[in-house]
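Trainee: What follows is a predicted protein model with its sequence.
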Amino acid sequence: MARIAASLLLAGLLAAAPLAQEHGALLSPAQAVARAQERFKGELVDVELKRSKLDEPGEAAYEVKLITQDGDVIRVRIDAATGGFLEADGADLARARRPAPAGQPRARP
């Protein structure tokens, strides 16, 4: 069952790639997921390319949904052009957050 789910998710990521290019995204959906998982622990649930919010830079952002070991869903927004972290929300973000790599302090989520 897990193998089927992974295959369907991969197909979705591949299908989203041309859409990302249409909106000027330099990052692929898979790269956006990797960026989100660098910052937060969790398994991928969904990734969508969306228009940027009014207070966000650029034209588009990926919204990556992750599910934690505790079953909480975290939404992480990644700038589609730069790969920069924009925001995250969800239950218990502090617990799901990965430690910053040595020598690289991070801003709060």
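Mentor: Looks like it arrived, so ask away.
Trainee: partner residues bridging the residue positioned nearest the centre of the chain?
Mentor: With distances taken as CA atoms, centre = their mean, residue 64 lies nearest the centre of the chain, 3.2 Å away. Beta bridges link residue 64 to residue 47, residue 76 when assigned by DSSP bridges.
Trainee: Now do the contacts for it.
Mentor: Taking CB atoms under 8 Å, 6 or more residues apart in numbering, we find residue 64 in contact with 32, 33, 35, 36, 44, 46, 47, 75, 76, 77, 78. C-beta: built from backbone N, CA, C; applies to glycine.
Trainee: Run a quick neighbour tally on residue 36.
Mentor: Residue 36 has 24 neighbours, counted by other CB atoms under 10 Å.
Trainee: Same check on residue 63?
Mentor: So residue 63, with other CB under 10 Å, has 17 neighbours.
Trainee: gap between it and residue 100?
Mentor: According to CB to CB, to the nearest Å, residue 63 stands 23 Å off from residue 100.
Trainee: mean confidence score for stretch 82-101?
Mentor: Confidence over stretch 82-101 (mean pLDDT, whole number) is 91.
Trainee: buried residues in it?
Mentor: 85, 86, 88, 90, 93, 96, 97 (16 or more other CB atoms under 10 Å).
Trainee: correct me, but the first one touches residue 62?
Mentor: No: with the criterion set as CB atoms under 8 Å, residue 85 and residue 62 do not qualify as a contacting pair; they are 10.9 Å apart.
Trainee: joint contacts of the two?
Mentor: Counting by CB under 8 Å, 6+ apart, the residues touching both residue 85 and residue 62 are 77, 78.
Trainee: hmm, back to that, and the contacts of residue 64 as a markdown table, adding pLDDT?
Mentor: What follows is those, written out as a markdown table (pLDDT from 0 to 100):
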| residue | pLDDT |
| --- | --- |
| 32 | 96 |
| 33 | 97 |
| 35 | 96 |
| 36 | 97 |
| 44 | 97 |
| 46 | 96 |
| 47 | 97 |
| 75 | 97 |
| 76 | 97 |
| 77 | 96 |
| 78 | 96 |
